[in-house]
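Asker: I'd like to go over a predicted model; first the sequence, then the structure.
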Amino acid sequence: MSMDERPLYSDARFIRDGPFSRPYRLASISLGILSAVFLIIIIGLGVQVNKVNDSHSTLSLNSSKISSQLAQLKSEHKSLTESKKVLENQHQEDAKRIKSLQSDLNTQTRLKNDLQTQNRALQEEKRKLKSQLTNMEDNCGQCLPNWVLMNSTCYFFAVSDTLPRKSWSAGRLECTKKEADLLVINSKEEQEFITDTLKALRYNLPFSYRNGFWMGLKDEHTEGVWKWLNGTIMTEGYWMDGEPNDDMGIEDCAAVYPTINPMQSWNDVPCSHPLKWICEKEIMKPS
Ligand code: GN1
Ligand code: CA
């Protein structure tokens, strides 16, 4: 049998290099190791994929939670925005109401102050009218009608519109016709009584030099020496500021005015000037 006819397995070379030969073994081991490594890698990858899947599903869960929270927040935001709008409208309405209440309050305060002022004026008028009434009651039968009594003297104030203004002499004549004479002021009390009564009688008249009343006081003989009708020299005068000024050098008769300050109410005027007048007459005391 030739070499070529011998069976392979009988060839020592092949027996040595057969499936259990060293190179095959090495290859097998390598393949095994490789397989094991691949297996480990695959298992590792599987674990990682699982983990990723887990995280993905956790994330999905979170995402859906967040989405639902976001939707809830959006709806809350919407309702809060609406509430805010409602509150803003309410605030505007309240502000308007407060403004109108404030203006009402201001009007009421003004009204209250006006009423208080009116009330004070009315109280003052009432006081004066009461004192006049007392005068008139006391006067009963002792003075002529329309005359006022004070301390045993009757006074006549020519306030009526039916009595036109007259010169000093013509005014005096009106008094003498009634057996009286022009006013002579002997005391501070009498001065206050005259100005109070003038104010009460001519309450609504605005102040003007035309609103004076002749008194029985002149300085016709000696300029600056004022004498009452009874001949006594005037010592205590109740002149307005700057009076008597003998304006234009022709003012020799004195008149009393319803001024605010009762202690400053006299002025010297030309005797021919037309003014109202005041008469006085002592009542007859029973003898
Ligand atoms: C008046 O009108 P007039 O100012 O010239 C008044 C005078 C006063 C003066 C005070 C007729 O003069 O007696 O002193 O105001 N004349 C008359 O300003 O009453
Ligand atoms: Ca004067």
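Answerer: Sure, I can see it. Residues are numbered from 1 along each chain as shown. Ligands and ions are numbered 1, 2, ... in the order given.
Asker: quick one: the helices in the stretch 151-287 of the chain?
Answerer: 168-177, 188-201 (DSSP state H, counting those that start in this stretch).
Asker: Which secondary structure elements does the longest one sit against?
Answerer: Helices and strands in packing contact with helix 188-201 are listed as helix 22-139, strand 148-150, strand 153-157, strand 253-256; criterion 3 or more Cβ pairs under 8 Å, 6 or more residues apart in numbering; DSSP states H and E. For every residue, glycine as well, the C-beta is placed using N, CA and C.
Asker: Mind checking the helices of the stretch 151-287 of the chain for the one nearest to ligand 1?
Answerer: If you check each of the helices of the stretch 151-287 of the chain against ligand 1 by Cβ to the nearest ligand atom, helix 168-177 wins as the nearest, at 12.0 Å.
Asker: Please see if that closest one touches ligand 1.
Answerer: No. Using Cβ under 6 Å from any ligand atom, no contact is recorded between helix 168-177 and ligand 1, whose separation bottoms out at 12.0 Å.
Asker: mean pLDDT for the helices of the stretch 151-287 of the chain: which is lowest?
Answerer: Ranked by mean pLDDT, the helices of the stretch 151-287 of the chain end with helix 188-201 at the bottom, a mean of 93.
Asker: any idea how far residue 165 is from residue 127?
Answerer: 29 Å (Cβ to Cβ, to the nearest Å).
Asker: measure the spatially most central residue of the chain to ligand 2 for me?
Answerer: Central residue of the chain (Cα atoms, centre = their mean): residue 106, 5.4 Å from the mean position. The spacing between residue 106 and ligand 2, counted by Cβ to the ion, to the nearest Å, is 46 Å.
Asker: cool, residue 88 as well?
Answerer: 71 Å.
Asker: Kindly report the same for residue 190.
Answerer: 22 Å.
Asker: That residue: how many residues sit nearby?
Answerer: The number of residues packed near residue 190 is 17, by other Cβ atoms under 10 Å.
Asker: Packed most tightly, which of the helices and strands packed on helix 188-201 would that be?
Answerer: Stretch with highest mean neighbour count among those: strand 253-256 (a mean of 26; mean count of other Cβ atoms under 10 Å).
Asker: got a list of contacts for that one?
Answerer: Applying Cβ atoms under 8 Å, 6 or more residues apart in numbering, the contact partners of strand 253-256 are 168, 183, 185, 194-195, 198, 212-215, 217-218, 220, 226, 238, 244, 265-271, 273, 275, 278.
Asker: show me what contacts the residue in the stretch 51-200 of the chain positioned nearest to ligand 1?
Answerer: Residue nearest to ligand 1 within the stretch 51-200 of the chain (Cβ to the nearest ligand atom): residue 165, separated by 11.3 Å. Going by Cβ under 8 Å, 6+ apart, residue 165 touches 210, 274, 275, 276.
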